[in-house]
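Chemist: 3D model of this:
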Amino acid sequence: MEEHCCCGGQERKTVRSAEDKKSIITRLNRISGQVNGVRRMVEEDRYCDDILVQLAAVDASVKSLSAFILKKHLHGCVAEHVKEGDTDVLDEIVDLFRRFS
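Modeler: Next up, the predicted model:
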């Protein structure tokens, strides 16, 4: 099942495959675990350098997940809108890239 958007009415949704949902949730659980690990490190007065290394790992994980979701969005929702002649979605993408830079 490919990802597709349901954009009728006020509520916008993206219907994801079970495989994509599982992958995203797995990544989110890993990120949550990393953040909890950083919290423990702070509570244990660990050395700043060690905490910063773990924060860099969290940052890399979040960026990787963002890239995964962006790729799915471009190939799914955006492609679907463009095929239907709705190019307003391109402005949305430009705004997304502005937020990530």
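Chemist: can you tell me the centre-most residue of the protein?
Modeler: Centroid-nearest residue in the chain: residue 66, 3.1 Å away (criterion: CA atoms, centre = their mean).
Chemist: ok, that residue touching residue 99?
Modeler: No. Residue 66 is beyond contact range of residue 99, at 10.1 Å (criterion: CB atoms under 8 Å). (Each C-beta comes from the backbone N, C-alpha and C, glycine too.)
Chemist: and for those two, which residues touch both?
Modeler: Overlap of the contact sets of residue 66 and residue 99 (by CB atoms under 8 Å, 6 or more residues apart in numbering) is empty.
Chemist: which helix or strand lies directly C-terminal to the helix or strand of the chain with the lowest mean pLDDT?
Modeler: None of the helices or strands of the chain scores lower by mean pLDDT, DSSP states H and E than strand 4-6, at a mean of 65. For strand 4-6, the following helix or strand on the C-terminal side (DSSP states H and E) is strand 13-15.
Chemist: quick check: mean pLDDT across the helix or strand following that next one?
Modeler: Proceeding N to C from strand 13-15, the next assigned helix or strand is helix 18-43, under DSSP H and E. Regarding helix 18-43, the rounded mean pLDDT is 98.
Chemist: likewise stretch 81-98?
Modeler: Stretch 81-98 comes out at a mean pLDDT of 90.
Chemist: just the endpoints, please. Distance across that stretch?
Modeler: 20 Å (CA to CA, to the nearest Å).
Chemist: use 33 as the first number from now on
Modeler: Renumbered: residue one is now 33, and that last one reads stretch 113-130.
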